[in-house]
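Novice: Structure here, sequence nowhere to be found:
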């Protein structure tokens, strides 16, 4: 989940421009942010990652820090540059604490997350429900699947990196959600054979997106959006993929690629039909 104003795939944000996450970075770093209001928070630092957690997660904090450190390295390797700004990873001990944090930071006091919503990444912080609580306070997440948790953290760290370099102060990329989410899916390693295969089968049945704006929607949205970015990364090169971080509109993305929407989608469909091999 990323810090943008949209609902599909992530916690719903209010539509008004109130999510200026970048403006929250100083408070998050200096005072620990809203989540660190109490005295119980503890801190670990390693491999350029600062982790905040409560005593309830003392036994799991090191594993989360290791996963976050691994994710940081993989994200920096993908983009070819280090994170431009510091950030923190805050592990919340329970659903109530995480929900309170999201409500305050998103200025959405009535927000109620769906059970599968366990993490969100913005320029200054990656907020995470403790994996210890996945089995009791979340769905679709297996606390024993260390690889899935590592990829989840990497996905959110892509959003952290993207939001740090985006010219949009509030990381409002609603118009190109397919690119932001596809990039996080592809760069994190979440675009596995299963997701790619299901996306290919859906497109072959005529059930794929007809517009770029439809790519981040439906049950196979991770496969659709992730494979779209995999296609353009292979077709236009990694340098172009990195350059697209500066775009905030569909017109900007297509203009930088030098193709029309239909040309991009046609090339992607052929890419999938050929097996999705780069």
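Specialist: Structure's in. What do you need? Just so it is clear, the structure is predicted and the values come from calculations on it, not from any experiment.

Novice: Would you agree residue 126 is in contact with residue 155?
Specialist: No: contact status for residue 126 versus residue 155: not in contact, 10.0 Å apart, counting by Cβ atoms under 8 Å. Backbone N, C-alpha and C define where each C-beta goes, glycine included.

Novice: domains for this protein, by residue range?
Specialist: Using automatic domain parsing, the domain parsing of the chain gives 21-165, 174-273.

Novice: Just give me how far the first one sits from the chain centre.
Specialist: Same thing as domain 21-165. Between the mean C-alpha point of domain 21-165 and the mean C-alpha point of its chain there is a distance of 11 Å (Cα atoms, centre = their mean, to the nearest Å).

Novice: go on, stretch 252-262?
Specialist: Taking Cα atoms, centre = their mean, the mean C-alpha location of stretch 252-262 is offset from the chain mean by 23 Å.

Novice: Neighbours of residue 276, how many?
Specialist: The number of residues packed near residue 276 is 21, by other Cβ atoms under 10 Å.

Novice: before we move on, what about residue 206?
Specialist: 7.

Novice: Report the separation between it and residue 267.
Specialist: Using Cβ to Cβ, to the nearest Å, we find residue 206 at a distance of 18 Å from residue 267.

Novice: cool, and residue 246?
Specialist: When distances are taken as Cβ to Cβ, residue 246 and residue 267 turn out to be 22 Å apart.

Novice: More neighbours: which of these two?
Specialist: When residue 246 and residue 267 are compared for neighbours, residue 267 comes out ahead with 17 against 13, by other Cβ under 10 Å.

Novice: For the helix or strand containing that one, give the mean pLDDT please.
Specialist: In this assignment (DSSP states H and E), residue 267 forms part of helix 261-273. In this model, helix 261-273 has an average pLDDT of 97.

Novice: repeat for stretch 71-84
Specialist: What stretch 71-84 shows for mean pLDDT is 97.

Novice: pLDDT-wise, which helix or strand of the protein ranks last?
Specialist: Among the secondary structure pieces of the chain, namely its helices and strands, helix 25-31 has the lowest mean (mean pLDDT, DSSP states H and E), a mean of 39.

Novice: Which SSE is immediately downstream of it?
Specialist: Scanning the chain past helix 25-31 towards its C-terminal end, the next helix or strand to appear is strand 42-46 (assignment: DSSP H and E).

Novice: quick revisit: among the domains of the chain, which one carries the weakest average confidence?
Specialist: Note on the domains of the chain: lowest mean pLDDT is at domain 21-165, with a mean of 87.

Novice: all helices of the chain, in order?
Specialist: Using DSSP state H, the helices assigned to the chain run over residues 25-31, 61-79, 95-105, 134-137, 146-165, 177-188, 193-204, 221-236, 238-243, 250-257, 261-273.

Novice: Could you single out the most deeply buried of those?
Specialist: helix 177-188 (a mean of 26; mean count of other Cβ atoms under 10 Å).

Novice: Just want the angle from that one to helix 250-257.
Specialist: Here the directions of helix 177-188 and helix 250-257 differ by 50 degrees (axes from the mean of the first three to the mean of the last three Cα atoms, to 10 degrees).

Novice: other SSEs contacting helix 177-188?
Specialist: Secondary-structure packing of helix 177-188 (3 or more Cβ pairs under 8 Å, 6 or more residues apart in numbering; DSSP states H and E): helix 61-79, helix 146-165, helix 221-236.

Novice: Let's see that with 10 Å instead.
Specialist: If you count contacts as 3 or more Cβ pairs under 10 Å, 6 or more residues apart in numbering; DSSP states H and E, helix 177-188 packs onto helix 61-79, helix 146-165, helix 221-236, helix 238-243, helix 250-257.
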